[in-house]
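Peer 1: model the structure of this input:
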Amino acid sequence: MSPEHSPISAEHSLTVRELLAFYAAAGVDCALLDEPVNRLQEDDAAMAAPAIEPAQRQAASSPAASSAAAPSRPPPGAPSGAAPAATVVIPEAAIASARELARSAPTLEALRELMERFDGCALKATATRLVFADGNPQARLMLIGEAPGRDEDLQGLPFVGRSGQLLDRMLAAIGLDRTSVYIANVIPWRPPGNRTPTPQETQICLPFITRQIELVDPDVIMTLGNPSTQALLATREGIMRTRGRWIDYDTGRRTIRALPTFHPAYLLRQPSYKRLSWQDLCAVSRALQTPAV
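Peer 2: Next up is the predicted model:
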């Protein structure tokens, strides 16, 4: 077939490439099913099903009938021909387990190994790898974001994408780099499609970042963005109100000064707020010039 009669023109191909680029930027980088599910066919089958008489409906709803009934096909995502073996994790149990594991970790390396084996958070099943931390564990400054993105998920390190490059430039502006700070996230596994973590997911992961803070024991914490600020500093105020305002973070052993600021990803979308972030960085720089207590 000649190019001029091809069903996909050059203009069409460009549109497809742009669509794929949009999907990649949005975090759509994997398929959950090998085969597509035709939902319209399911609706047609339901409409064609014979009506159930009241007596039949009552018999079908009895405990005996319910225990004997089997699904006609496995749920979406289950391998063909295999019985689903999903384990439902109760959020309260997962949170309690995370707290117990986090408390038992005597070192950062031990904590990382425990988190690698932890199966109480569903995000682990869809993430490529654990994104634990980067930087110097003996640093006086600890920076904490919300969750990994696509680049972080692929490399296993926090803040390595575009927002990470901006963060590196921000740190360089006050004479710091990744060898002089410690960087982590509240959520160590990437949410699918970079969606916002649910409150349950945040509560399950919170004991791990709390223990990381205790083990690093920095003199200053910078929370990057609203989610990490609210999760760690027990505030419901938005980042516009909290940024630039020092808040005490109590580890139970000592009090650490914490300063919320904008997330670098937000600054990429709203460059006009870089001026306020620069003020926050200068405040942190001054605090680090004070001898450690």
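Peer 1: report the longest helix in the protein, please.
Peer 2: With DSSP state H setting the assignment, residue counts place helix 199-216 as the longest helix in the chain.
Peer 1: can I get whichever helix or strand comes after it in PDB, CA atoms only?
Peer 2: For helix 199-216, the following helix or strand on the C-terminal side (DSSP states H and E) is strand 220-224. Taking C-alpha atoms only, strand 220-224 is exported to PDB below (Å, rounded to 0.1, in the frame of the first residue of the first chain):
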ATOM      1  CA  VAL A 220      16.400  20.500  60.900                       C
ATOM      2  CA  ILE A 221      13.600  19.000  58.800                       C
ATOM      3  CA  MET A 222      12.200  20.500  55.700                       C
ATOM      4  CA  THR A 223       8.800  19.000  54.600                       C
ATOM      5  CA  LEU A 224       8.300  19.400  50.900                       C
END
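Peer 1: ok, residues contacting whichever helix or strand comes after strand 220-224?
Peer 2: The helix or strand immediately downstream of strand 220-224 is helix 226-233, counting by DSSP H and E. Contact with helix 226-233 is made by 144-147, 185-186, 196-197, 202, 206, 209-210, 213, 221, 223, 235-239, 242, 247, 249, 258, 260, 263, as judged by Cβ atoms under 8 Å, 6 or more residues apart in numbering. No exception for glycine: its C-beta is placed from N, CA and C like everyone else's.
Peer 1: what's the following helix or strand after helix 226-233?
Peer 2: Once helix 226-233 ends, the next helix or strand along the chain (criterion: DSSP H and E) is helix 239-242.
Peer 1: which strands or helices does that following helix pack on?
Peer 2: helix 226-233, strand 255-261 (3 or more Cβ pairs under 8 Å, 6 or more residues apart in numbering; DSSP states H and E).
Peer 1: tell me which residues of it are tucked away?
Peer 2: I239, T242 (16 or more other Cβ atoms under 10 Å).
Peer 1: what comes into contact with it?
Peer 2: Helix 239-242 has contacts (Cβ under 8 Å, 6+ apart) with G225, N226, T229, L233, T235, P260, T261, F262.
Peer 1: so the first one makes contact with Y273?
Peer 2: No: in terms of Cβ atoms under 8 Å, G225 does not count as a neighbour of Y273; the distance is 11.8 Å.
Peer 1: follow-up on the earlier one: nearest to L154 among the contacts of helix 239-242?
Peer 2: G225 (21.2 Å; Cβ to Cβ).
Peer 1: what ranges do the strands span in this protein?
Peer 2: Assigned by DSSP state E, the strands in the chain fall at 133-135, 141-145, 181-185, 220-224, 247-250, 255-261.
Peer 1: pLDDT score for the residue lying closest to I221 once chain neighbours are set aside?
Peer 2: Spatial nearest neighbour of I221, chain neighbours left out: A258 (4.1 Å); criterion: Cβ to Cβ, 6 or more residues apart in numbering. For A258, the pLDDT comes out at 98.
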